[in-house]
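Novice: Here's a sequence, model it:
(4 chains)
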There are 2 protein chains.
Amino acid sequence: MFAAQLDLTSASATGMHHRHGDGSSVAEQRLPSATVRRLIAKEHVFCEGDDREQVFQVEEGVIAVYKTLPDGRRQIIDFAYPGDLIGLGVLDEHVLSAQATVPSKVKCLSAAALERIAESDARLALKLYKSVCHELAATRSLLITVGQRSAIERVCAFLVALHRRTAEAESATVDLAMRRSDIADLLGLTIETVSRTLTKLRTMGVIEIAQGGTRVQLCDLARLTDLANE
Amino acid sequence: MFAAQLDLTSASATGMHHRHGDGSSVAEQRLPSATVRRLIAKEHVFCEGDDREQVFQVEEGVIAVYKTLPDGRRQIIDFAYPGDLIGLGVLDEHVLSAQATVPSKVKCLSAAALERIAESDARLALKLYKSVCHELAATRSLLITVGQRSAIERVCAFLVALHRRTAEAESATVDLAMRRSDIADLLGLTIETVSRTLTKLRTMGVIEIAQGGTRVQLCDLARLTDLANE
DNA sequence: CGGCGTTTTGAGATATCTCAATGGGAGTGG
DNA sequence: CCACTCCCATTGAGATATCTCAAAACGCCG
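Specialist: You can find the predicted model right below:
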């Protein structure tokens, strides 16, 4: 449920989520100063086929990373939350598109600079490696959800993962910060099925939905985890 | 359709540039000589939860990398073919299981040694990074297949990918080298649906099936690609 | 207040699954 | 060399989860 975790800025940056940051950043001095870009809902960070000039780190909001089939069907690969890196890869072009689901901010970093530095800096290269390993684990987890689970299991797994990923301490409430269509395209379901499943969970007393369907209270997290089948 | 691509032997054989200037290959000296392990069909290379002491490179055969849900449903994440690396990761334990689908051979490499070397060798670390990027791309591609495509599209996509991955020059024939159940668990379908879809493709004249259902001739590769929806 | 995008709900259609039976090879032992 | 068995693949028929199409309700913003 995260694109990549990487602490590129050292202790000087505050308010970041560092998950496996392990000390100061070597890249710090050499990376050109990063600019921040604001995005409105539905605005693209980049599109498939664009030159991969930059890598982005989410600062605020949610970015949906996705790919579309020729006929328009869309699979969301990942939602990127603050701290996550998007746009990493080995090619010159982006192979995925990335779009804000709500008003967001991203920090723009030079892809070339990052990779040039990594060529001589094992610490940074290893960090990139580990970040992508984490992203890979998240993608696998989604693959399992989409390949094997029923609609209700998928939605429960999504809610549990979202909670783990974004919940502030103690709070059993998650903010969806996206449309039903985004959840549907992540889970390989239709909007209607997502909606029906959510109301079924509400009827079962496992969740409560507020604020126009965007704020979800997880009343029975244990039950929810159980329904997700791990 | 591949776990990870990495030429570890040439990395050391061709000599890498080291910042410490000792002139010889770090990887070469410190990677313990690799042993080769033979596996019979269905034998495991490693299981989820095992200590991640080694990383393996497939030499012969096919290895299914998978994860099972508590209730036994299984999602195959990837088939690893000769040259592919399996077992890379950031944790001390394997999070996936790996099992030969046919008699196979794997080269065993020390995970600790590999990662220790990568800590001081940016070239190797960057290779690991790029390998995992490729694996990530393959997993995403499967995710899209499983999340968005119909049964016939999934099977076509599988056949096309298998062909790209394993076909010798000019040959329009692929060797399945696995059971229907393996294909089903990769594509998120049932054995019966895979079987029915295959015979439908045969009826349509797009493929021919020989040798007890393991050898498939792709009579109309263009059509097959088309049916896969890219 | 009106309009727009989104979500919810309903009812019927359908792709895929489930359960069950049949068939085919490959290997084994007589 | 021929049964016999086992495992796997195929085929069929009915069940069902999810999708599709359609309408109504909601919430937000100008």
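Novice: For the most centrally placed residue in chain A, list each beta-bridge partner.
Specialist: Note on chain A: the residue nearest the mean C-alpha position is residue A:80, at 2.2 Å, using Cα atoms, centre = their mean. Beta-bridge partners of residue A:80, counted by DSSP bridges, are residue A:63.
Novice: How much space separates it from DNA strand D?
Specialist: Noted for residue A:80: a distance of 23 Å to DNA strand D, by Cβ to the nearest atom of the strand, to the nearest Å. For glycine as for every other residue, the C-beta is placed from the backbone atoms N, C-alpha and C.
Novice: which residues sit in contact with the spatially closest residue to residue A:46 that is not a sequence neighbour?
Specialist: Distances taken as Cβ to Cβ, 6 or more residues apart in numbering or on different chains put residue A:94 closest to residue A:46, at 5.0 Å, once the chain neighbours are dropped. Contacts for residue A:94 (Cβ atoms under 8 Å, 6 or more residues apart in numbering or on different chains) come out as A:46, A:47, A:48, A:49, A:50, A:51, A:52, A:87.
Novice: so which of the residues you listed comes closest to residue B:173?
Specialist: Closest to residue B:173 out of these is residue A:48 (32.4 Å), distances taken as Cβ to Cβ.
Novice: Quick check on the residue nearest to residue A:46: phi, psi?
Specialist: As for residue A:94, its main-chain torsions (degrees, to the nearest 10) stand at phi -70, psi 140.
Novice: out of the contacts of residue A:94, which is most surrounded?
Specialist: Comparing those by number of neighbours (other Cβ atoms under 10 Å in any protein chain shown), residue A:87 comes first, having 26 neighbours.
Novice: Nearest spatial neighbour of it, chain-adjacent residues omitted?
Specialist: Counting by Cβ to Cβ, 6+ apart, the residue nearest residue A:87 is residue A:55, at 4.3 Å.
Novice: I'd say that neighbour and residue A:85 touch.
Specialist: Yes: counting by Cβ atoms under 8 Å, residue A:55 touches residue A:85, with 6.1 Å between them.
Novice: hmm, back to that, and the residue nearest to residue A:87, how many neighbours?
Specialist: 25.
Novice: Report the beta-bridge partners for it.
Specialist: According to DSSP bridges, beta-bridge pairing links residue A:55 with residue A:109.
Novice: What residues does it make contact with?
Specialist: A:85, A:86, A:87, A:88, A:109, A:110, A:111, A:114.
Novice: Flag the shaky bits of chain A, pLDDT-wise.
Specialist: Low-confidence segments of chain A, defined by pLDDT under 70: A:1-33.
Novice: what residues go with each domain of it?
Specialist: A:27-146, A:149-227 (automatic domain parsing).
Novice: Please identify the deepest-packed of those domains.
Specialist: domain A:27-146 (a mean of 19; mean count of other Cβ atoms under 10 Å in any protein chain shown).
Novice: Which parts of chain A are helices?
Specialist: Remark: helices assigned in chain A by DSSP state H are A:111-120, A:122-148, A:151-166, A:180-187, A:191-203, A:221-227.
Novice: Give the other helices and strands that the longest one contacts.
Specialist: Helix A:122-148 is packed against strand A:74-80, helix A:111-120, helix A:151-166, helix A:180-187, strand B:74-80, helix B:111-120, helix B:122-148, with contacts defined by 3 or more Cβ pairs under 8 Å, 6 or more residues apart in numbering or on different chains; DSSP states H and E.
Novice: and if we set it to 6 Å?
Specialist: Contacts defined by 3 or more Cβ pairs under 6 Å, 6 or more residues apart in numbering or on different chains; DSSP states H and E place helix A:122-148 against helix A:111-120, strand B:74-80, helix B:111-120, helix B:122-148.
Novice: got the angle for that helix vs helix B:111-120?
Specialist: 130 degrees (axes from the mean of the first three to the mean of the last three Cα atoms, to 10 degrees).
Novice: distance between helix A:122-148 and the chain's centre?
Specialist: Chain-centre distance of helix A:122-148: 12 Å, with Cα atoms, centre = their mean, to the nearest Å.
Novice: Need phi/psi at residue A:70.
Specialist: Dihedral angles (degrees, to the nearest 10) for residue A:70: phi -50, psi -40.
Novice: how about it, what does it touch?
Specialist: residue B:230 (Cβ atoms under 6 Å, 6 or more residues apart in numbering or on different chains).
Novice: Quick check: it vs residue A:185, distance?
Specialist: Remark: distance between residue A:70 and residue A:185 (Cβ to Cβ, to the nearest Å) = 16 Å.
Novice: what's the closest non-adjacent residue to residue A:173?
Specialist: residue A:217 (4.9 Å).
Novice: That neighbour and residue B:181: what is the separation?
Specialist: From residue A:217 to residue B:181 the distance is 41 Å (Cβ to Cβ).
Novice: and if you look at residue A:151?
Specialist: 24 Å.
Novice: can you check residue A:115 too?
Specialist: From residue A:115 across to residue B:181, the span is 41 Å (Cβ to Cβ).
Novice: Over to residue A:221?
Specialist: 35 Å.
Novice: swap in residue A:215?
Specialist: Residue A:215 is 43 Å from residue B:181, by Cβ to Cβ.
Novice: Which one of the helices of chain A lies nearest to residue B:142?
Specialist: helix A:122-148 (6.2 Å).
Novice: Straight-line length of stretch A:197-213, end to end?
Specialist: Counting by Cα to Cα, to the nearest Å, you get 13 Å between the two ends of stretch A:197-213.
Novice: Dump the domains of chain A to JSON lines, plus distance to residue B:136.
Specialist: Below are these laid out as JSON lines (distance: least, Cβ to Cβ, whole Å):
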{"stretch": "domain A:27-146", "distance to residue B:136": "5"}
{"stretch": "domain A:149-227", "distance to residue B:136": "17"}
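Novice: how about the ones you listed in TSV, adding distance to DNA strand C?
Specialist: As requested, the domains of chain A are exported to TSV (distance: least, Cβ to the nearest atom of the strand, whole Å):
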stretch	distance to DNA strand C
domain A:27-146	7
domain A:149-227	3
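Novice: do you know which of those lies nearest residue B:59?
Specialist: domain A:27-146 (23.3 Å).
Novice: mind checking how far the closest one is from the chain centre?
Specialist: 9 Å.
Novice: show me what contacts the closest residue to residue A:61 other than its chain neighbours?
Specialist: Nearest non-adjacent residue to residue A:61, counting by Cβ to Cβ, 6+ apart: residue A:104, 2.5 Å away. Counting by Cβ under 6 Å, 6+ apart, residue A:104 touches A:39, A:60, A:61.
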